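Peer 1: Quick one: sequence plus predicted model below, questions after.
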Amino acid sequence: MTAAPERTAVAPRIGVLALQGDVREHIEALDALGIGGAEVRTLAQLDEVDGLIMPGGESTTIARLLLIFGMHEPLRDRIAAGMPVWGTCAGAILLAERAPDLDRPTLGLMDVLAERNAYGRQVDSFEVDLDIAGLDGGPVRAVFIRAPRLAEPGPGVEVLARLEDGSIAACRQGRVLATAFHPELTTDGRLHAYFLAMTEEALAAARASR
Ligand code: GLN
């Protein structure tokens, strides 16, 4: 199992993809950790960040806008080259290698199947306490809103948390993190701190190899 990332003294710049979705909540969660998050909606802004959060919203809309703004390939290339990324809900769908009910290509960087809106109408929003591997301090209150069901993880995917029905709530593949729920809608900043530490680790590794 991957150990929880170590905090280092390197100050990372974390961006939030700001094409559509709950951008502000993620920026506020980063502010609460003492690092200002930056909105990313252009390639120039993408160049300025060391790690990127892809928020929840509508994956169809975000996927379209990524293509229209010419960001799909450059973003995929940056992540493939080692930039840490964290997708929440719609963002997780966009990272998945397989999302059969999305009408546009995903970035295809996390070896999982994402089934959109798979929890059904009646229970399309729910909350549950989840133990997450690598997070100390007890369970996280996880808010699911028309969430995707993440399943069929490939061999490189570490499942960090599952729901009772066995579907994946949080998983990680190298520097790609995905949560089907919305940590930015609670005041629990531990997952944002986890991603911050992932980004610090990647920065420190890049500096060490220079
Ligand atoms: N149902 C949305 C989608 O499929 C995701 C919902 C969300 O991000 N809260 O894109």
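Peer 2: Perfect, thanks for sending it.
Peer 1: Leu135 against His192, yeah?
Peer 2: No - Leu135 is beyond contact range of His192, at 11.2 Å (criterion: C-beta atoms under 8 Å). C-beta coordinates here come from the backbone N, C-alpha and C atoms, glycine included.
Peer 1: Pick out whichever of these two has more residues nearby.
Peer 2: His192 (23 against 19; other C-beta atoms under 10 Å).
Peer 1: Which residue, other than its chain neighbours, is closest to the more buried one?
Peer 2: Ala29 (4.6 Å; C-beta to C-beta, 6 or more residues apart in numbering).
Peer 1: so where's this protein uncertain?
Peer 2: Scanning the chain for pLDDT under 70 picks out the ranges 1-10, 121-123.
Peer 1: Wait, Arg104 touches Thr60, no?
Peer 2: Yes - under the criterion of C-beta under 8 Å, Arg104 is in contact with Thr60, at a separation of 6.8 Å.
Peer 1: so which helix or strand takes in Gly120?
Peer 2: Secondary structure assignment for Gly120, by DSSP states H and E: no helix or strand.
Peer 1: which bits of the protein sit near the ligand?
Peer 2: 56-59, 89-90, 93, 116-117, 145-146 (C-beta under 6 Å from any ligand atom).
Peer 1: Quickly name whichever of the residues you listed is closest to Pro100.
Peer 2: Top of the list for closeness to Pro100, among these and by C-beta to C-beta, is Arg116 at 8.8 Å.
Peer 1: and the closest residue to the closest one other than its chain neighbours, what is it in contact with?
Peer 2: Nearest residue to Arg116, sequence neighbours excluded (C-beta to C-beta, 6+ apart): Asp101, at 4.8 Å. Taking C-beta atoms under 8 Å, 6 or more residues apart in numbering, we find Asp101 in contact with 115-117.
Peer 1: Report the buried members of the residues you listed.
Peer 2: The neighbour-count test (16 or more other C-beta atoms under 10 Å) applied to the contacts of Asp101 identifies 115-116 as buried.
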